[in-house]
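Peer 1: sequence-free structure coming up:
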């Protein structure tokens, strides 16, 4: 089952889709086109940050700023982030 808004995120059931919407997908949904070009490690880091900040609007604003500037990440910087995460 695909997300009705972005059609990129796939889920096994309506329940899983609803859970994802509550936990992280409502935020990442609007940015999946940009995130799809990012390395998998960066995509996972963004999802972890979103899930960790759901109750804190200041953290959400910081994540939103990062997502808005995702295209400015250099290849070297994203590779560095991948090494740091691994």
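Peer 2: Received it, and whenever you're ready, just let me know what you need. The structure displayed is predicted, hence computed values, not measured ones. Numbers count the residues shown, from 1 in each chain.
Peer 1: Outside of stretch 3-16 itself, list whatever touches it.
Peer 2: With C-beta atoms under 8 Å, 6 or more residues apart in numbering as the test, stretch 3-16 has contacts from 1-2, 17, 20, 25, 28-30, 32-33, 36. Placement of C-beta: from N, CA and C, glycine included.
Peer 1: Apply the buried test to those and list what passes.
Peer 2: Neighbour counting with 16 or more other C-beta atoms under 10 Å marks 17, 20, 25, 28-29, 32 as buried within the contacts of stretch 3-16.
Peer 1: Now intersect the residues you listed with the helices, please.
Peer 2: 17, 20, 28, 32 (DSSP state H).
Peer 1: So which of these is the closest to residue 44?
Peer 2: Nearest to residue 44 among those: residue 28, at 11.0 Å, using C-beta to C-beta.
Peer 1: looking at it, that closest one is touching residue 49, isn't it?
Peer 2: No: using C-beta atoms under 8 Å, residue 28 is not in contact with residue 49; the gap is 10.0 Å.
Peer 1: possible to save the buried ones among the contacts of stretch 3-16 as CSV with distance to residue 44?
Peer 2: What follows is those, written out as CSV (distance: C-beta to C-beta, whole Å):
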residue, distance to residue 44
17, 19
20, 14
25, 14
28, 11
29, 16
32, 14
